[in-house]
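> I'd like to go over a predicted model; first the sequence, then the structure.
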Amino acid sequence: MAISTAVGADRISRVVGYKLRKGFAPILGVNLPQRIAILTPANSDKQTGLPTKQEVTSASEAANLLGYGSPGHMIMRILRPLTGDGVGGIPTVLFPQTDPVGVAAIKELTVTTAGVTANATHRVIVNGRDNVDGQFYSISVVTTDTQATIATKIATAINSVLSAPCTAAVDGVNDNQVNITSKFIGVISDDLTIEVVNDGSPVGVTYAVTVGAAGTGNHDISGALAAFGSEWNTIVINPYGTSTFETLETFNGIPDPINPTGLYSGVTFRPFFALWGSNESSRTSLLTITDAEARKSQVTNVLCPAPNSDGWPFEAAANAAFLLANTHQNNPHLDVASQSYPDMPVPADGNIGDMANYNDRDVLVKGGSSTVDLVAGRYQIQDFVTTYHPDGELPPQFRFVRSLNQDFQVKYGYTLLENDNVRDKAIAGNEQTVTVSDVIKPKIWAQILRTYADNLSERALITDPDFMKESIEIGTGESNPDRLETFFRYKRSPFMRIGSTDAEARFTFNL
C-alpha cells in the first residue's frame, strides 16, 4: 500500500503534492457529554412566536423568550446563575409549551389594621423567596398607613421585581385586598405561594392569604418530545410532575434484555433521566406515587425532593439537574449523594417531615423515591434513584441513577470506538493478509475492546476488567455476511453508600 496518495500513482510528469488527512487517535476516556432539555410553559403574554426548541445560555435569554418569572426562566436562574459558572458548557435547551385551556392561579392577600402603631419593614415572601437576584419584595409600613395604603405598597413591591413569577393588583372592590396572579397558567401555577413576614414587629397589622382561583389546565409535552430529534438529551427537567409520567415513560422506554423500547431500543439508545420536584414531606404520600405498580418497572422518572419547601417544585428539579449534569459530565464514576442543592428555599422551622428520619428514608428508597436531609441549612441529597424496583429483583439493576449513568457512559465510549474502527469497514479474517485501509478483523476489534476494558476500569466506571475481557465474543452473521456481532459483560463499580463497622471493647486486667 502506498505511503502517500497526494499525487496519484499513475502520474509521470515532475510535480510535488501534499494532502491533509484527518487523524484519529484511539478514542478513550471521553465522558458522555451532558445535555439538559427543559420542558416549560411560557408566560401568558409570550404565547406567540414560540420556537419548538431553542438553546439558551443565560437566564435573561430564557426570560426574553418565555417571559420573566416563567418556569423556564426560574429554572435557568438555577442552572446558570448570575454568579458562578453554573453548568458551564453543558447545553441547556428550552422546549416551550403553549397554554392549554385553563386559568392561572390567583392568591388573595388581605391587609387588616386598626392603625399602625410604629414604623416597620415587612417582607413579602413569594414561593419562599423575599428577593430575586437582589430585587426585594420588602415594604415599609409607617404609622400613617391605612389598610389600602399597605395593600398598594404590597402590589407595587411585587410588580417592581422584574423576575417575580406573578403580578399584583389591588382589588377593585376591597381596597385592602391584593389579588396576586401567576404569570403563567395551568395546574403548574397552583404551586404559587404568598406570605408576609413581619420579623417580630407586627405593629398592629395582620395579613391573611386565601385562594382566589385554582390554576387549571395540563400542558401537552408530546410536541416537545418529538422535537428531541437525534440529539442525546441526557437530562430532562419536567416541571409538570406526575401528569406527564406516562408520556415520558413511553417515549423514553425501558432497557428490557429481550425487547427494549423507546430510546432504549438497540438502533436508537439515547435515553434520559426525567427529573421532577416535590415539596411533599409525607412518606406515605410520596410512596403513593413512586411505589405505584405502574412505576416499579420504569427507569425514567426521578424524584427531586424538597420537603416542606415553599419554593416551586420544578426549582428542586433544576437544583438536582445542576448537580447531576456537572457530576456526570466531569466525574461520572461518582454519585450526587452528599451534594447540596445550590439554590432552594428551605422551611424556616427546619421541619422536613419524614425525610429527617433514616428509617423513613430507607423505606422511601426501597419504594423508588429519592431522599434528602437538611444539613447546614441546605437540602443534601442522600439517595438519588429512579422509580425502578420490581418485586423480587434484588438488588434492582436500575434503581440508582448512577448505575444507569455508568451504562450510558460505557455505551457512549463503545460507540465512539465502533464508529472509528468498525463502521463502514471491510471485514477480513483474523489470519488474512490485507494491504488496504478501512479493514477490521475480529481479533483486532477484540483487542480494542480489551484496551477499552482497562480504560473503563482506570476511570472507576467498572471493576474487574479481566471479567469483561474474557467475556468478549465477536463474529460475523450466520445468515447475513455483512454483519459483525459483538458481546461483552462488565461489572459496574460499586459506590460506598453504607458504612458498617463493628468495634469490640474489652476490659484491661493485670496492669
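Yep, that arrived.
> low pLDDT regions in this protein?
1-3, 19, 21-29 (pLDDT under 70).
> Centroid-nearest residue for it?
A321 (3.3 Å; CA atoms, centre = their mean).
> Is it in a helix, a strand, or coil?
Classification of A321 using DSSP: H, G, I helix; E, B strand; the rest coil returns helix.
> That one and L79 touch, don't they?
Yes. Using CB atoms under 8 Å, A321 is in contact with L79, at 6.6 Å. In short, each C-beta sits where N, CA and C put it, glycine included.
> picking up where we left off before, against T48, how distant is the residue nearest to the centre of the chain?
Applying CB to CB, to the nearest Å, the value for A321 to T48 is 28 Å.
> The strand or helix carrying I38 - contacts with which helices or strands?
Element membership for I38 (DSSP states H and E) is strand 36-41. Secondary-structure packing of strand 36-41 (3 or more CB pairs under 8 Å, 6 or more residues apart in numbering; DSSP states H and E): helix 71-79, strand 92-97, strand 235-237.
> what lines up beside it in the sheet?
Sheet partners assigned to strand 36-41 using DSSP bridges are listed as strand 92-97 (parallel), strand 235-237 (parallel).
> How about the very next helix or strand once past the longest one, which residues are buried there?
Note on strand 92-97: by DSSP H and E, the next helix or strand toward the C-terminus is strand 106-113. Buried residues in strand 106-113, defined by neighbour count with 16 or more other CB atoms under 10 Å: 106-111, 113.
> domain assignment for the chain?
36-98+219-402, 106-213, 422-511 (automatic domain parsing).
> Which one of those lies nearest to V410?
domain 422-511 (6.4 Å; CB to CB).
> From the chain's centroid, how far away is that closest one?
For domain 422-511, the separation from the chain centroid amounts to 29 Å (computed by CA atoms, centre = their mean, to the nearest Å).
> now stretch 143-154
42 Å.
> Name the residues that touch it?
109, 111-113, 115-119, 124, 139-141, 168, 170, 175-178, 196, 205 (CB atoms under 8 Å, 6 or more residues apart in numbering).
> hmm, which of those residues are the buried ones?
109, 111, 113, 116, 124, 139, 141, 168, 170, 176-178, 196, 205.
> Rebuild those residues as JSON lines, extending it with distance to V375 and secondary structure.
As requested, those are exported to JSON lines (distance: CB to CB, whole Å; DSSP: H, G, I helix; E, B strand; the rest coil):
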{"residue": "L109", "distance to V375": "33", "secondary structure": "strand"}
{"residue": "V111", "distance to V375": "37", "secondary structure": "strand"}
{"residue": "T113", "distance to V375": "40", "secondary structure": "strand"}
{"residue": "V116", "distance to V375": "40", "secondary structure": "coil"}
{"residue": "V124", "distance to V375": "28", "secondary structure": "strand"}
{"residue": "I139", "distance to V375": "33", "secondary structure": "strand"}
{"residue": "V141", "distance to V375": "36", "secondary structure": "strand"}
{"residue": "A168", "distance to V375": "35", "secondary structure": "strand"}
{"residue": "V170", "distance to V375": "42", "secondary structure": "strand"}
{"residue": "N176", "distance to V375": "42", "secondary structure": "coil"}
{"residue": "Q177", "distance to V375": "40", "secondary structure": "strand"}
{"residue": "V178", "distance to V375": "36", "secondary structure": "strand"}
{"residue": "V196", "distance to V375": "29", "secondary structure": "strand"}
{"residue": "V205", "distance to V375": "36", "secondary structure": "strand"}
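> what's the most buried one of the domains of the chain?
Most buried of the domains of the chain, by mean neighbour count (mean count of other CB atoms under 10 Å): domain 36-98+219-402, with a mean of 20.
> Need the overlap of contacts for A321 and L79.
Common neighbours of A321 and L79 (CB under 8 Å, 6+ apart) are 36, 87.
> Please, where are all the strands along the stretch 201-350 of the chain?
205-213, 235-237, 273-278, 301-305 (DSSP state E, counting those that start in this stretch).
> As TSV, those strands with distance to P71 would be great.
Listed next are these as TSV, based on distance: least, CB to CB, whole Å:
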stretch	distance to P71
strand 205-213	19
strand 235-237	9
strand 273-278	11
strand 301-305	14
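> among those strands, which is nearest T5?
strand 235-237 (44.9 Å).
> Let me see the residues that make contact with the closest one.
34-40, 75, 248, 272-275, 314, 317-318, 321, 324-325.
> Next: stretch 316-327.
34, 36, 74-75, 78-79, 86-88, 90, 234-235, 237-239, 273, 275-279, 302, 304-306, 309, 334-336, 339, 341-344, 379, 381, 384, 401.
> how about it as CSV, C-alpha atoms only?
The C-alpha trace of stretch 316-327 is given here as CSV (Å, rounded to 0.1, in the frame of the first residue of the first chain):
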residue,chain,number,x,y,z
ALA,A,316,-35.9,21.4,43.1
ALA,A,317,-35.6,19.5,39.8
ALA,A,318,-33.4,22.4,38.5
ASN,A,319,-31.2,22.1,41.6
ALA,A,320,-30.8,18.4,41.1
ALA,A,321,-30.1,18.8,37.4
PHE,A,322,-27.4,21.3,38.3
LEU,A,323,-25.6,18.7,40.5
LEU,A,324,-26.3,15.7,38.2
ALA,A,325,-25.1,17.3,35.0
ASN,A,326,-21.9,18.5,36.4
THR,A,327,-21.2,15.2,38.1
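> distance between that stretch and the chain's centre?
5 Å.
> if we can go back for a sec, farthest pair in the buried ones among the contacts of stretch 143-154?
Farthest pair in these, by CB to CB: V116 and A168, 20.4 Å.
> Tell me where the stretch 201-350 of the chain has helices.
Here the stretch 201-350 of the chain has its helices, by DSSP state H, counting those that start in this stretch, at 222-226, 245-252, 283-290, 313-330.
> ugh, typo on my part, it should be the stretch 51-200 of the chain
Going by DSSP H, counting those that start in this stretch, the stretch 51-200 of the chain shows helices at 59-66, 71-79, 147-159.
> Dump the ones you listed to TSV, plus distance to R483.
Conversion of these to TSV gives the following (distance: least, CB to CB, whole Å):
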stretch	distance to R483
helix 59-66	46
helix 71-79	43
helix 147-159	65
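> and D291, which of those is closest to it?
Of all the helices of the stretch 51-200 of the chain, helix 71-79 sits nearest to D291, with 27.3 Å by CB to CB.
> elements contacting that closest one?
Checking 3+ CB pairs under 8 Å, 6+ apart, helix 71-79 ends up next to strand 36-41, helix 59-66, strand 92-97, helix 313-330.
> Mind exporting the C-alpha coordinates of it to CSV?
As requested, the backbone C-alpha atoms of helix 71-79 are provided in CSV (Å, rounded to 0.1, in the frame of the first residue of the first chain):
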residue,chain,number,x,y,z
PRO,A,71,-40.8,28.4,34.9
GLY,A,72,-38.1,28.2,32.1
HIS,A,73,-36.6,31.5,33.4
MET,A,74,-36.6,30.3,37.0
ILE,A,75,-35.0,27.0,36.1
MET,A,76,-32.3,28.8,34.1
ARG,A,77,-31.6,31.1,37.1
ILE,A,78,-30.5,28.0,38.9
LEU,A,79,-28.7,26.3,36.1
